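Participant: okay, sequence plus prediction incoming.
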Amino acid sequence: MLRGLPPLLSPQTRLLVLGSFPGAASLAAQQYYAHPQNQFWKILQAIWPSSPYGTGTGSYENRSTWLLAHGLGVWDVYGACEREGSLDASIRNPQVNDFSNLRRRCPQLQAIVHNGGESYKHARYTAELGLPVYKLPSTSPANASWRFERKLAAWREVFEQHGLI
C-alpha cells in the first residue's frame, strides 16, 4: 500500500487543488507534481509570473510557501492506494482522504478544484463541504490532448473567479 503526501494547506487557503494520487516521481521526491513533464508548476508560473520556480536546494519549499501565500492549497483525493507505475488507471484499492475538517483547517476556503478526471470522480465528497467544485484539465503529461495554452486558460478562469489573480 502506497501512502500519499500530507496536504499543503494554511488558514489562508481559499482555493484547494486536489489531484488523484502522487505519481512515482512525486512519491520518491516527497513533493507534489515533481515529474518534470507535469505542467502544474508551469501553469502557476504563468498565472503568477513572480514565481520562485528555481530548481536548487529548497526550491520546493520556496514554491510551496509561495503558493500558500497566494491562497492556494494542494492535496489529493486518495490518501493511500495500490498502484504499479504512475497512471491513474493503475490505481487499485484507493482510500479517500477525510475532507470533513477542511473548512475548520481552512476557514477562508471558497472552492475545490479537481485536477483531472480521476480526482473529479470523487467530487461528491468535496461537494458535501457546500463549496463550488470545479473539474479542471489534468496537468499530467498523460493529458496530451489539451495544449498548454488551453489548460492555462481554464485554470486562470477559476483562479480569477476566486480572487487569486
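Facilitator: All right, it came through fine.
Participant: can you report phi and psi for residue 140?
Facilitator: Dihedral angles of residue 140 (phi, psi; degrees, to the nearest 10) stand at phi -70, psi 150.
Participant: burial of the nearest residue to it once chain neighbours are set aside, as a residue count?
Facilitator: Once flanking residues are discounted, residue 140 sits nearest to residue 38: 5.9 Å by Cβ to Cβ, 6 or more residues apart in numbering. From N, CA and C alone the C-beta is placed, and that goes for glycine too. Neighbour count for residue 38, taken as other Cβ atoms under 10 Å: 23.
Participant: same thing with residue 47?
Facilitator: By the measure other Cβ under 10 Å, the count of residues near residue 47 is 17.
Participant: please name every helix or strand in contact with the helix ranked longest in the chain.
Facilitator: In terms of residue count, the longest helix belonging to the chain (DSSP state H) is helix 148-161. Other helices and strands packing on helix 148-161, by 3 or more Cβ pairs under 8 Å, 6 or more residues apart in numbering; DSSP states H and E, are helix 40-47, strand 111-115, strand 133-136.
Participant: for residue 111, give me its contacts.
Facilitator: 14-16, 131-134, 158, 161-162 (Cβ atoms under 8 Å, 6 or more residues apart in numbering).
Participant: helices of this protein, start to end?
Facilitator: Going by DSSP H, the chain shows helices at 24-29, 40-47, 59-69, 102-105, 117-120, 123-127, 148-161.
Participant: what's the closest of these to residue 6?
Facilitator: Checking the helices of the chain against residue 6 by Cβ to Cβ gives helix 59-69 as the closest, at 11.0 Å.
Participant: chain center to that closest one, what's the gap?
Facilitator: 13 Å (Cα atoms, centre = their mean, to the nearest Å).
Participant: okay, the angle between that helix and helix 40-47?
Facilitator: Angle between the axes of helix 59-69 and helix 40-47 is 50 degrees (criterion: axes from the mean of the first three to the mean of the last three Cα atoms, to 10 degrees).
Participant: list the buried residues in helix 59-69.
Facilitator: 60, 63-64, 66-68 (16 or more other Cβ atoms under 10 Å).
Participant: this completes my enquiry, with thanks.
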